Every structure is written in C-alpha cells, then in structure tokens.
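In: Below are the sequence and a predicted model; questions follow.
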Amino acid sequence: MFGVTSDNRVVFLGLILGLLLFGSSCSDDKNTEEPEKTAILNFDETALPGDLEASGGKVVLTVEWAWNQWDITSEVVEGEAFISTILPAGGGSIKEGESTTHVEIEYEANDLTSQNRQKIILSSVTNDLSEEIILTQVGRQELPVTRVVIDPDIVHQTITGFGGANMIWGTDYLTEAEMDLAFGTDEEQLGLSIYRVRLSSNRSDWAALVNSVKMANDRGAKVLASPWSPPAEWKSNNSINGGGYLLKEHYADFAGYINEFIQFMADNGAVVDAVSIQNEPDWEVDYEGCEYTVAEMYDFVKNYAGVIQNAKVVAAESLNSNQAYTRDILNDPTAADNLDIVGGHLYGGGLAPYPLAREKGKEIWMTEYLLNLNSGNVPGNWTEHTDTETIWDETMEMLDGIHSAMTYDWNAYIWWYIRRYYSFLGDGNNGTQRGKILKRGYAFSHYSKFIRPGYQRIDVGTAGVSTLKMTAFRGDGNTVIVILNSSEYSEKTIEMDMPAGANSAIAFTTSSMLNRNKDVEIVSEGKVRVTLPRESVTTIVLN
C-alpha cells in the first residue's frame with residue numbers, strides 16, 4: 001500500500017483524461033464517411049453552336065465531366081457526313097472530379113443547297129452515362145445565275161495563235177519531250193502554236209537552232225525570229241551589247257542578213273514564218289540590243305524591208321507597244337506594204353486597241369511579256385516556299401492581260417520563256433521540276449489549247465450586269481468560251497442555251513486548287529450550266 005500524494009493525483013487524472021480523448025478520437029475516425037464520387041458527363045448547353053456555315057470551318061464544344069472516362073463518335077442523321085475531325089475524341093479520368101474539356105470539331109464545306117445534320121454522341125466508357133446533340137449545317141446558298149448570250153453573227157478578229165519563246169541565249173533548247181508537252185494538243189499538253197526564237201547576230205549560231213525550229217514545224221507551230229542586235233561591225237558602238245544603233249550605210253546589209261537567215265533555215269529543212277526587224281528598239285540596255293528612233297524604224301521598213309522574202313515582217317516590238325513606232329509606217333502606203341504584223345511588248349503598258357492597224361489590214365501580235373513576282377530583281381520573291389496563292393494571283397493577272405488583248409482584236413499572244421520556273425514548264429529551279437507542266441502553263445492553255453489557229457472571235461455577253469470577263473471563239477465546228485471569275489471571295493454560276501447543232505459540252509477549270517479540271521456533266525434540259533470557282537479560269541467547249 002502506498003500513499004497518494006498531491007503530485008500523484010495530478011498524474012493519475014492526466015492519464016485518465018488522455019485515455020478518454022484517445023477513445024473519442026478513435027470513435028470519430030470510425031464514423032467518418034468518404035465524400036460521394038458522382039460521375040458527371042454532359043455538354044455545356046450554354047456553349048452549343050447554332051447552325052454551321054455551308055463554307056466549312058471549325059466549332060468548339062465543351063464537355064463537362066467528373067469521375068469517368070469518355071469518348072465521342074458521330075452519326076449522320078440527314079444529308080451527307082460533313083464532320084472531318086474531332087479532337088480530342090476521348091478524355092476524362094476515373095480519378096478526377098469536376099472538369100471541363102474543349103473539343104474542336106472541323107467540318108467540310110457543303111456544296112449542296114440542302115442541309116446536313118450529324119449526331120454527336122458523348123458516351124462514358126466507365127459508367128452508364130451518355131448525351132447526344134445534333135449539329136446542323138446549312139446548305140449552300142443558291143447563287144444568282146448569270147445568263148450568257150453568244151452572237152455568232154458578230155465576228156471579230158481571226159486568231160493566229162498563242163505561244164512562247166525558246167531559250168534566247170545559249171543552246172539549252174526544249175527537248176523532244178518538252179516540245180510535245182508545249183505544242184501537242186493531247187489531253188495533258190498545252191497546245192501552243194507559235195514559237196519565238198532569236199535571230200542571232202553571229203552566223204555561226206544558226207546551225208544549232210535548226211533542229212529546234214524543225215521540231216516546232218513538225219508540231220504545226222509558226223516560228224517568229226527576232227533579232228536582238230545586228231552584227232557588231234554594222235553598229236555605231238561596234239558591239240552587240242550596250243545599245244548603239246544600226247549605221248545607215250548598213251541598213252541594206254542587215255535586210256540582206258535577215259534574208260540570209262531565212263534561207264539558211266529553209267536550206268536545212270526549217271521554216272521561219274515571220275521575222276522581226278528588232279527586239280525592243282526603244283529600250284537602252286547593257287546586254288545585247290540595238291536602238292532605233294521612230295524615224296529610223298520608219299525608214300528601214302519603208303526603204304529596206306521590202307526585200308525580205310519568204311517570211312512575214314514584224315515591227316516594231318516596242319517595249320510597251322508604243323504605237324508611234326508603227327503609225328507613220330501604216331499611214332504610208334509604200335511602208336505599209338512592207339509590213340505584215342504589228343508586234344509589241346507590254347512592259348510598262350501598251351495594252352490597248354489599235355484601230356489604225358485593223359483599218360490597214362495588219363495583224364497585231366503581243367510578242368513578249370513575263371510576270372515573275374519581280375524575282376529577277378528580288379530573288380527571294382519566288383522560291384520553293386513561295387505561297388501558291390501569291391503565284392496564282394499573279395497568274396490571274398496574266399490571264400486578265402490575255403483577255404484584254406483578245407477584246408482589243410489582237411491576233412496572237414506570245415509569252416516569254418516556255419520553260420522557266422515562272423512560266424509553263426518547270427526548269428528545275430525555285431522548287432520546280434524540269435519538264436513538268438506548271439500551274440501557269442495550265443492557265444495559259446485555256447486559250448492556247450482550245451482556241452486553235454484560224455478560229456474567229458465572236459460576240460459574247462451577259463443578260464444583265466456581271467463582273468465576269470469572257471470571250472468566245474468558233475472554228476472546226478466548235479464554239480469555245482473562256483471565262484475569268486476574278487472575284488476573290490465568291491463563286492459564280494453561268495447558264496446558256498446549247499447552240500443549234502451542238503451535241504456536247506465540256507468545261508475545263510483551273511484555279512489555285514485545280515489544274516484544267518474536266519467536267520462533262522454540264523448540260524441539262526438543253527441548257528449549259530457551270531459553276532465557276534473564285535479566282536478561276538474556265539473554258540467551255542461546245543461541239
């Protein structure tokens with residue numbers, strides 16, 4: 001037996017109190033329940049989209065979820081499937097509470113006028129939960145139809161052809177395969193019909209050109225030969241380069257030199273159809289060239305060009321088709337008799353009607369032009385990485401120029417090099433493949449392939465106001481309409497009656513996305529109906 005002191009009593013009471021608190025704590029732990037984990041899965045109804053646009057696009061849905069995994073599928077309810085991607089197509093977690101996930105849905109354009117409806121199904125893969133919504137895409141708005149009217153009784157100029165140039169310096173001329181692509185008229189060819197070559201100031205260069213001219217002859221193309229300079233010894237600067245002018249005492253010599261070139265080609269089985277007096281006589285350059293004043297060109301044509309035989313004579317190939325260079329010639333009967341073709345370029349302007357040339361019965365040829373995003377001066381403007389839309393915008397500019405030339409009664413349109421990265425066939429530079437048809441080639445062929453030499457331009461217009469640019473031609477039993485839709489934003493629909501006697505209609509379209517795409521199903525109930533994409537060229541052939 002021991003005595004209880006005051007201190008011992010305090011210790012004993014502390015032990016009793018501790019045991020009571022411990023017991024209470026254990027009792028509380030046993031009675032505590034885990035929070036309830038209620039699975040949630042639904043779309044946020046406040047963020048659901050309205051009707052989706054016919055043009056295609058993207059829409060974002062918000063999925064609200066908790067304590068489950070889920071996925072999303074789709075099912076067509078009406079019309080066509082239009083949803084292309086759903087990202088992410090699944091998500092969630094059985095270990096996470098209330099969360100949201102944004103789901104991006106990308107959808108394609110609706111080319112029909114009827115609507116599309118597609119069900120979006122949100123399903124849990126871990127719980128018995130699901131929700132559905134329906135997305136509706138409106139149909140394409142019925143476009144106003146532009147009525148096209150052709151009047152074959154109003155006849156304009158006869159077309160001589162469309163073409164491009166050989167390699168002017170050097171001898172890396174077009175190969176047989178490239179000539180086929182450029183001048184052939186089969187399905188995958190361009191149908192060019194004029195071939196421009198250089199009439200060299202050095203006789204020793206002529207032989208290398210013979211085979212190239214013959215290949216053009218064999219493919220039915222006309223050949224235009226243009227001199228960049230007379231022989232150096234006949235010029236004021238005694239050089240073929242750096243400008244200078246042809247000395248008056250050698251005018252007759254140079255006319256004879258041109259004749260000699262024509263005869264040399266003929267003796268070797270090559271035909272030259274037309275010869276120019278001088279390339280760009282009004283342009284002072286540091287490379288090969290020769291300058292003529294207006295008076296000097298008039299003098300040469302009137303008093304010396306008459307001796308040129310077996311080829312048509314072209315003048316003056318001015319830099320910007322300066323009509324002053326041929327006006328005096330055309331107004332002088334003697335000089336006019338020595339000129340067959342008014343030729344000119346379009347650098348800095350010059351695209352305009354020339355009534356005097358038409359009055360005097362002379363053909364008008366555009367003999368050189370190029371567009372290359374100014375990459376000759378700024379190489380970085382056109383590389384393998386250059387945006388295709390940028391290139392196509394400039395190609396539409398080229399097409400607009402051809403259209404204008406046709407409406408101004410010009411007979412021929414000749415581009416610069418046929419094979420160049422900015423032209424019709426690739427040359428292996430700036431991201432192009434040598435010998436492969438380029439976008440610009442397909443675009444140019446809407447004229448060159450379908451409007452053949454000898455076709456006549458006839459009248460075409462619309463019933464009402466229209467921004468479409470169109471020209472029409474007839475020949476070989478065909479009627480050909482070329483239409484430019486220059487609108488950056490909207491497609492257009494045209495309709496016309498099938499001409500009397502026509503049995504078929506085919507449309508070919510080139511745009512930034514299409515390369516002479518062929519459509520044979522454009523006739524219904526005796527009417528031709530074609531939809532023209534934005535920024536496009538379409539050629540319709542009626543036969």
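Out: Arrived safely. The structure displayed is predicted, hence computed values, not measured ones.
In: So for the most centrally placed residue in the chain, what's the nearest residue that isn't a sequence neighbour?
Out: Computing the C-alpha centroid of the chain and ranking residues by CA atoms, centre = their mean puts W392 first, at 3.7 Å. Once flanking residues are discounted, W392 sits nearest to S512: 4.0 Å by CB to CB, 6 or more residues apart in numbering. C-beta coordinates here come from the backbone N, C-alpha and C atoms, glycine included.
In: For that neighbour, which residues are in contact?
Out: Each residue near S512 by CB atoms under 8 Å, 6 or more residues apart in numbering is listed here: 388-389, 392, 439, 535.
In: could you show me where the helices are in this structure, in order?
Out: Listed in chain order, the helices of the chain (DSSP state H) span 6-31, 176-183, 206-218, 251-267, 294-303, 324-331, 333-337, 355-359, 388-407, 439-448.
In: Among the ones you listed, which comes closest to D427?
Out: helix 176-183 (9.9 Å; CB to CB).
In: With F450 as the reference, measure out to E284.
Out: Distance from E284 to F450, counting by CB to CB, to the nearest Å: 40 Å.
In: More neighbours: those two, which one.
Out: F450 (21 against 10; other CB atoms under 10 Å).
In: Could I get the pLDDT score of the more buried one?
Out: You'll see F450 listed with a pLDDT of 98.
In: right, and it touches V480 too?
Out: Yes. At 5.0 Å, F450 counts as touching V480 under the criterion of CB atoms under 8 Å.
In: Quote the end-to-end distance of stretch 227-245.
Out: Start to finish, the residues bounding stretch 227-245 are 13 Å apart (CA to CA, to the nearest Å).
In: where does that stretch sit relative to the chain's centre, distance-wise?
Out: 39 Å (CA atoms, centre = their mean, to the nearest Å).
In: List the buried residues for that stretch?
Out: Within stretch 227-245, the residues that count as buried by 16 or more other CB atoms under 10 Å are 227-231, 234-235, 240-241, 243-245.
In: ditto for stretch 145-153
Out: Across stretch 145-153, burial judged by 16+ other CB under 10 Å covers 146, 148, 150.
In: Export only the CA atoms of it, formatted as PDB.
Out: What follows is stretch 145-153 as a C-alpha-only set of coordinates in PDB (Å, rounded to 0.1, in the frame of the first residue of the first chain):
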ATOM      1  CA  VAL A 145     -27.300  32.700-112.300                       C
ATOM      2  CA  THR A 146     -25.600  34.800-114.900                       C
ATOM      3  CA  ARG A 147     -27.200  34.300-118.300                       C
ATOM      4  CA  VAL A 148     -24.600  34.100-121.100                       C
ATOM      5  CA  VAL A 149     -25.600  35.000-124.600                       C
ATOM      6  CA  ILE A 150     -23.500  34.300-127.700                       C
ATOM      7  CA  ASP A 151     -24.000  36.100-131.000                       C
ATOM      8  CA  PRO A 152     -22.100  34.100-133.700                       C
ATOM      9  CA  ASP A 153     -23.200  36.700-136.400                       C
END
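In: Rounded mean pLDDT for that stretch, please.
Out: Averaged over stretch 145-153, pLDDT sits at 96.
In: Sketch out the low-pLDDT regions of the stretch 1-150 of the chain for me.
Out: Filtered on pLDDT under 70, the stretch 1-150 of the chain yields the residue ranges 1-35, 143.
In: wait, the residue nearest to the centre of the chain sits on K439?
Out: Yes. Between W392 and K439 there is a contact under CB under 8 Å: 6.6 Å.
In: Low-confidence bits of the stretch 251-400 of the chain, can you list those?
Out: For the stretch 251-400 of the chain, no range has pLDDT under 70.
In: Does V275 have any beta-bridge partners, and if so which?
Out: Beta-bridge partners for V275, by DSSP bridges, are A225, V313.
In: Could you export the helices of the chain to TSV, including columns for distance to N377?
Out: Shown next, in TSV, are these (distance: least, CB to CB, whole Å):
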stretch	distance to N377
helix 6-31	84
helix 176-183	27
helix 206-218	29
helix 251-267	33
helix 294-303	29
helix 324-331	26
helix 333-337	38
helix 355-359	33
helix 388-407	15
helix 439-448	19
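In: tell me the most buried of the ones you listed?
Out: Stretch with highest mean neighbour count among the helices of the chain: helix 439-448 (a mean of 24; mean count of other CB atoms under 10 Å).
In: Please list the outside residues in contact with it.
Out: Residues outside helix 439-448 that contact it (CB under 8 Å, 6+ apart) are 161-163, 190-193, 388, 391-392, 395, 398-399, 402, 406, 413, 415, 422-425, 482, 508, 510, 512, 515-516, 537-539.
In: Return the member of the contacts of S512 nearest to V301.
Out: Of those, the one sitting nearest to V301 (CB to CB) turns out to be K439, at 39.4 Å.
In: per-residue confidence at the closest one?
Out: Looking at K439, its pLDDT is 98.
In: Could you do N238 as well?
Out: 98.
In: Touching, it and A232? I think so.
Out: Yes. Contact criterion CB under 8 Å: N238 and A232 qualify, at 5.6 Å.
In: what's the closest of the buried residues of stretch 227-245 to A274?
Out: Closest to A274, out of all of the buried residues of stretch 227-245 and judged by CB to CB, is P227, at 12.4 Å.
In: Quick one: neighbours of the nearest residue to that closest one once chain neighbours are set aside, just the number.
Out: Distances taken as CB to CB, 6+ apart put L199 closest to P227, at 4.2 Å, once the chain neighbours are dropped. Burial of L199 is recorded as 24 neighbouring residues (other CB under 10 Å).
In: And R534, by the same measure?
Out: R534 has 14 nearby residues by other CB under 10 Å.
In: Equivalent analysis for W283, please.
Out: Neighbours of W283 under the rule other CB under 10 Å: 16.
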